[in-house]
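1. missing the sequence, but the structure's below:
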């Protein structure tokens, strides 16, 4: 199963995902985003699976000029970025915290 | 089948399905990373169905079936949602970056994280998706719990063909779970690393199969207890018949009557279990398996062209330049009462002759009127290792021809070597439906009595590879007649 906890702090949304990061997770995060939020921190320490819905959502967030920080993302994320050839457009050193 | 789920088209279901897939795949033998990748493939597939097949309805249902063999896991999803064709959704990075168009990304991941992805268009009857992943087989030495040194010594020992040894008596007994290790070693010594049922190298799997009564078998031992032969029958899951197979005699002890004595025991076991019939699928690269079958009264009723990879046997010619064709040998044990059958005119004579060979009583009837179901009931089985598929028609619907044509077209995209099509000849609609499908290019394969749900089937085949019939070795006169009949049709079609 997947559950998420969300905390809003000024212009920042802090999300903790437990379980899978998929279509439903994406929709839950989207529903909590407001125009003033431009910084998204997602803790993925308890998440092993992310799919294209999750990755494309994150990619769009970055493309819109927003800030993104991913805490301990699952290794499959990097594999998906490579398969979708998005790895070059992500500044992983800035985004990923291990 | 391991499990069947009926799922609502609700995105809430994506995670539970992926979690189940992960645990199930681990149980079947995938590694943790393999199971995770396969779960991502499932996540993509289920998401696509929810988003595109049923975009506005969270209360529709679709079905997911989970299958596994020793060497692969397969998930089949069927749904009746809006039409979409995965081949039209190709991911393009330029479009993704320039136009924010990520169409096809999910399908790309699905294909990347599985070993096979098959889409079968069933026309008005919906769509079928199959994703499968191979299970990495462990090193056979590891399976046999033998060290590398032992293997080297054994190979060195077997480089020269072992001389034939005269047996001073041997015994044949029903296998027990404790025989598992000896059976694995026999298989290894006979086939080395080329036996196509990899589970036979794993004593634990044999033990499980024996304990769960998935197979019954016999083992032959010398007086000193050394195992020299093994032969098993595996009951078919949806019909009261069983397959003889997994036949092994240690190369040094061949021509001592070991195989015959084991077959006698198997027939006794089948009788005691009230099994209607036995069947064997004998390779046609050499006549040995057919010889054993025919010695015990099996009759060849069909020839399946290009339906197996070449299996190398110790002591037999190992070079064979084409996909191996398989003779289907059948032995009725308990003859059923006379039954009515409905045969296509084109194959009526050869089918009736086949029934005669088997001494099975049938009455060929010209159907008067029949009723077509609203929907056809058609199953597909894909054999990934031999690149062949079997389409089984259980029931004809009003849209049968369209559905079948769409399915054949979908399966052809996978570049098969052979497609097989089973038609129920105890169904009144078969003669007329057969005439409709002649344009699809199928030719005769043969008779498969009691093969699905205890009913008789006419098997047709469509071959996509060149074959030299001269090197298809068929033993019996009637088998040769079937081969001739098929080769005539084959050459007319190429």
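-> Looks like it arrived, so ask away. Please read these numbers as outputs of a predicted model, since none were measured by experiment.
2. what's the helix or strand for the residue most central in space within chain A?
-> What sits nearest the mean C-alpha location of chain A, by C-alpha atoms, centre = their mean, is residue A:58, with 4.9 Å. In the assignment (DSSP states H and E), residue A:58 maps to helix A:52-63.
3. average pLDDT for that helix?
-> Mean pLDDT, helix A:52-63: 95.
4. Stretch B:276-284 now?
-> Mean predicted lDDT for stretch B:276-284 stands at 91.
5. can you give me the strands in the stretch 301-450 of chain B?
-> B:324-332, B:339-341, B:362-364, B:377-383, B:388-395, B:418-424, B:443-452 (DSSP state E, counting those that start in this stretch).
6. In contact with residue B:122, which residues are there?
-> B:78, B:128, B:378, B:403, B:406-407 (C-beta atoms under 8 Å, 6 or more residues apart in numbering or on different chains). In short, each C-beta sits where N, CA and C put it, glycine included.
7. which pair in those residues spans the largest distance?
-> B:78 and B:406 (13.6 Å; C-beta to C-beta).
8. Quick check: closest non-adjacent residue to residue 12.
-> Just so you know, I chose chain A. residue A:39 (4.1 Å; C-beta to C-beta, 6 or more residues apart in numbering or on different chains).
9. right idea, wrong chain: chain B
-> Once flanking residues are discounted, residue B:12 sits nearest to residue A:24: 6.4 Å by C-beta to C-beta, 6+ apart.
10. wait, isn't the one you found in contact with residue B:15?
-> Yes. With contact defined as C-beta atoms under 8 Å, residue A:24 and residue B:15 form a contacting pair (6.9 Å).
11. Go ahead and confirm the residue nearest to residue A:12 touches residue A:8.
-> No. Contact criterion C-beta under 8 Å: residue A:39 and residue A:8 do not qualify, at 10.7 Å.
12. which stretches of chain A form strands?
-> A:3-9, A:12-18, A:39-46, A:67-71, A:96-97 (DSSP state E).
13. What segments of chain B are helices?
-> B:14-28, B:32-48, B:93-99, B:105-112, B:140-143, B:148-158, B:180-191, B:203-211, B:258-272, B:288-295, B:345-358, B:400-412, B:430-437, B:477-493 (DSSP state H).
14. Please convert the ones you listed to a markdown table, extending it with mean pLDDT and mean neighbour count.
-> As requested, the helices of chain B are exported to a markdown table (pLDDT from 0 to 100; neighbours: other C-beta atoms under 10 Å in any protein chain shown):
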| stretch | mean pLDDT | mean neighbour count |
| --- | --- | --- |
| helix B:14-28 | 93 | 20 |
| helix B:32-48 | 95 | 23 |
| helix B:93-99 | 90 | 13 |
| helix B:105-112 | 94 | 22 |
| helix B:140-143 | 50 | 17 |
| helix B:148-158 | 49 | 12 |
| helix B:180-191 | 80 | 20 |
| helix B:203-211 | 75 | 18 |
| helix B:258-272 | 89 | 18 |
| helix B:288-295 | 85 | 20 |
| helix B:345-358 | 96 | 17 |
| helix B:400-412 | 91 | 19 |
| helix B:430-437 | 90 | 18 |
| helix B:477-493 | 94 | 17 |
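15. And for the closest residue to residue A:55 other than its chain neighbours, the neighbour number?
-> Using C-beta to C-beta, 6+ apart and skipping the chain neighbours, the partner closest in space to residue A:55 is residue A:80 (5.1 Å). The local packing of residue A:80 (other C-beta atoms under 10 Å in any protein chain shown) involves 24 other residues.
16. what's residue A:80 in contact with, if anything?
-> A:50-52, A:55, B:40, B:109.
17. Swap in 10 Å and give it another go.
-> Each residue near residue A:80 by C-beta atoms under 10 Å, 6 or more residues apart in numbering or on different chains is listed here: A:50-52, A:54-56, A:74, A:86-87, B:40, B:105, B:108-109, B:112-113.
18. Get me the contact residues on chain A for chain B.
-> Counting by C-beta under 10 Å from any C-beta of the partner chain, chain A comes close to chain B at A:1-3, A:19-27, A:48-56, A:59-60, A:63-64, A:74-76, A:79-80, A:82-86, A:88-89.
19. how about 6 Å then?
-> Within chain A, the positions near chain B by C-beta under 6 Å from any C-beta of the partner chain are A:1-2, A:19-20, A:22-24, A:49, A:51-53, A:56, A:83-85.
20. Sitting in helices, which of the residues you listed do you find?
-> Short answer: those in helices (DSSP H) are A:23-24, A:52-53, A:56, A:83.
21. Out of the residues you listed, who's the most crowded?
-> Those, ranked by neighbours (other C-beta under 10 Å): first place residue A:52, 27 neighbours.
22. hmm, back to that, hmm, who's touching the helix holding residue A:58?
-> A:21-23, A:26, A:68, A:80, A:86, B:47, B:102, B:105-106, B:109 (C-beta atoms under 6 Å, 6 or more residues apart in numbering or on different chains).
23. Apart from its neighbours in sequence, what residue is nearest residue B:13?
-> Nearest residue to residue B:13, sequence neighbours excluded (C-beta to C-beta, 6+ apart): residue B:7, at 5.1 Å.
24. So what pairs up with the one you found in the strands?
-> residue B:62 (DSSP bridges).
25. and the stretch 51-200 of chain B, which residues reach chain A?
-> Residues of the stretch 51-200 of chain B lying near chain A by C-beta under 6 Å from any C-beta: B:93, B:102, B:105-106, B:109, B:112.
26. re earlier: who's the residue nearest to residue A:12 bridged to?
-> Beta-bridge partners, per DSSP bridges, of residue A:39: residue A:12, residue A:67.
27. Identify the residues contacting it.
-> Here residue A:39 is in contact with A:11-12, A:67 (criterion: C-beta under 6 Å, 6+ apart).
28. can you do 8 Å?
-> So residue A:39 contacts A:11-13, A:66-69 (C-beta under 8 Å, 6+ apart).
29. ok, now residue B:440?
-> B:404-405, B:408, B:462.
30. Closest one to chain A out of the residues you listed, please.
-> residue B:408 (31.0 Å; C-beta to the nearest C-beta).
31. for residue 34, what are its contacts?
-> Using chain A. Contacts of residue A:34 by C-beta under 8 Å, 6+ apart are residue A:8.
32. Let me rephrase: I mean chain B.
-> So residue B:34 contacts B:25, B:133, B:135-136 (C-beta under 8 Å, 6+ apart).
33. how about the nearest residue to residue B:405, chain neighbours excluded?
-> Per C-beta to C-beta, 6+ apart, closest to residue B:405 is residue B:440, 6.6 Å.
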